[in-house]
Structures are given as structure tokens and as C-alpha cells.
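Visitor: Dropping the sequence and predicted coords here.
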Amino acid sequence: VQLQASGGGLVQFGGSLRLSCAVSGFSLDDYAIGWFRQVPGKEREEVSCISSVHGRTLYADSVKGRFTISRDNAKNTVYLQMNALKPEDTAVYYCKASLNARSVPYWGKGTLVTVSS
């Protein structure tokens, strides 16, 4: 099982980025995928997630209306479209795959997003 996050970079305030989480070794029909972010010295926080079977989505209040999570099962990829970016969105973003609430999740390496003011 592998997850690879990509798409991070430097963007100006109000700009957009699309992150990708490419997965291998499992089906997106079976695993929920979550996007998390972490700033040095702070706990990792969940930004958004998409469920396995029905593709239901959830968002943190801080990104609701600005971020959109989606998936392409044929490409085994989950996306996080981030619009209207703010400096406080600056963080390392990670994707996580979970089979269920009791299983050990899989994490990918992060991708750095930096939003300049």
C-alpha cells in the first residue's frame, strides 16, 4: 500500500492549488481518504475526507467553501482543490487511507503548501 501526495508549492494569497494523492495497492472503493495538514509545533489536523463506498465528503470549518475533495477511481487518485488560499493554509499536507475506524491507517509523505501574503 502506498500513497503519494503531490502538487504543493508557493502561491500568493487568494490563489489556488490542486493537490493529488496517488494510491496503489488498494482500491478507493474500499478505503476512505483524508487530507490532513500540519504546521511545525502544532498537531496534525484533518482538512477533508471522502468516504469509500458513497464518496461522502466532509470539511473542516476553516476550509469549507474554499476546498473541494474529489476522487478518480480509474486513476486511483484523490484530489484536493484549494481555492482562495490564505497564509494560514500554509502547512505540509498529507493524505491518509483508512479501511475503517479500527484499522491502522496508511499515510503518504507530505507536500508543502506555502501561501504568501
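Guide: Structure's in. What do you need? Numbers count the residues shown, from 1 in each chain.
Visitor: now the strands: where do they sit in this protein?
Guide: Ranges of strands within the chain are 2-6, 9-12, 17-24, 32-38, 45-50, 57-59, 67-72, 77-82, 91-98, 106-107, 111-116, based on DSSP state E.
Visitor: Other residues contacting stretch 26-39?
Guide: Here stretch 26-39 makes contact (Cβ atoms under 8 Å, 6 or more residues apart in numbering) with 1, 19, 21, 23, 44-53, 69, 71, 73, 76, 78, 80, 89-99, 110, 113. Where you see a C-beta, it was placed from the backbone N, CA and C, and this is true even at glycine.
Visitor: Now with 7 Å, please.
Guide: Residues outside stretch 26-39 that contact it (Cβ atoms under 7 Å, 6 or more residues apart in numbering): 1, 21, 44-53, 69, 71, 73, 76, 78, 80, 91-99.
Visitor: which of the residues you listed are buried?
Guide: The neighbour count (16 or more other Cβ atoms under 10 Å) marks 21, 47-50, 52, 69, 71, 76, 78, 80, 91-98 as buried among these.
Visitor: before we move on, the earlier item: okay, the strands of the chain in CSV with mean pLDDT next?
Guide: Formatted as CSV, the strands of the chain follow (pLDDT from 0 to 100):
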stretch, mean pLDDT
strand 2-6, 95
strand 9-12, 98
strand 17-24, 97
strand 32-38, 97
strand 45-50, 97
strand 57-59, 97
strand 67-72, 97
strand 77-82, 98
strand 91-98, 97
strand 106-107, 95
strand 111-116, 98
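Visitor: For His41, give its distance to Asp30.
Guide: I think there's a mix-up here, since residue 41 is Gly and not His. Distance from Gly41 to Asp30, counting by Cβ to Cβ, to the nearest Å: 35 Å.
Visitor: ok, these two, which is more surrounded?
Guide: Using other Cβ atoms under 10 Å, the more surrounded residue of Gly41 and Asp30 is Asp30, with 11 against 5.
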